[in-house]
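J.: predicted model and sequence below, questions to follow.
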Amino acid sequence: VMKANVDKDTCIGCGLCPSVAPEVFEMDDDGKAKTITEEVPDGSEELSKEAEASCPTSAISVEE
Ligand code: F3S
């Protein structure tokens, strides 16, 4: 199972990850991203990896 995590101390709230992988990430009330579900849903693996690679502060980790 692939798992996604956002380090809120590192996230700057750029908003990129929810636009790249909207089934995995959303913006929290504090203006930073969070995972909707820790386990990446089927079909969102590639997009989760793309979000991880695209985050400007490398706040996202996606691991098998
Ligand atoms: Fe934050 Fe990176 Fe997403 S800065 S909003 S975790 S793309």
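T.: That came in fine, so what should we check first?
J.: show me what from this structure comes close to the ligand.
T.: Where the chain comes near the ligand, counting by Cβ under 6 Å from any ligand atom, the residues are 6, 11-17, 32-33, 55-57, 59-60. (Glycine included, C-beta is placed from N, CA and C.)
J.: which residues in this structure form helices?
T.: For the chain, the helices identified by DSSP state H occupy 16-20, 45-54, in order along the chain.
J.: can you lay out those as CSV showing mean pLDDT and mean neighbour count?
T.: As requested, those are arranged in CSV below (pLDDT from 0 to 100; neighbours: other Cβ atoms under 10 Å):
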stretch, mean pLDDT, mean neighbour count
helix 16-20, 98, 18
helix 45-54, 98, 17
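J.: nearest to residue 37, of these?
T.: For the helices of the chain, proximity to residue 37 was assessed by Cβ to Cβ; helix 45-54 is nearest, at 10.9 Å.
J.: wait, isn't residue 57 in contact with residue 8?
T.: No - using Cβ atoms under 8 Å, residue 57 is not in contact with residue 8, being 10.9 Å away.
J.: most centrally placed residue in this protein?
T.: Residue closest to the average C-alpha location in the chain (Cα atoms, centre = their mean): residue 25, at 4.6 Å.
J.: so who does that one touch?
T.: Contact analysis of residue 25 by Cβ atoms under 8 Å, 6 or more residues apart in numbering lists 4, 6, 17, 18, 33, 34, 35, 36, 51, 60.
J.: just the buried ones from those?
T.: Taking 16 or more other Cβ atoms under 10 Å as the criterion, what is buried in the contacts of residue 25 is 4, 6, 17, 18, 33, 34, 35, 36, 51, 60.
J.: circling back to that earlier point, contact partners for the nearest residue to the residue nearest to the centre of the chain once chain neighbours are set aside?
T.: On the basis of Cβ to Cβ, 6 or more residues apart in numbering, the spatially nearest residue to residue 25 that is not a chain neighbour turns out to be residue 17, at 4.0 Å. Going by Cβ under 8 Å, 6+ apart, residue 17 touches 6, 24, 25, 33, 51, 54, 55, 60.
J.: among those residues, name the ones in strands.
T.: In strands, judged by DSSP state E, the following of those are found: 6, 25, 33, 60.
J.: could I get the buried ones among the contacts of residue 25 in TSV, plus columns for distance to residue 45?
T.: Written out in TSV, the entries for these read as follows (distance: Cβ to Cβ, whole Å):
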residue	distance to residue 45
4	10
6	17
17	14
18	17
33	18
34	19
35	14
36	15
51	11
60	13
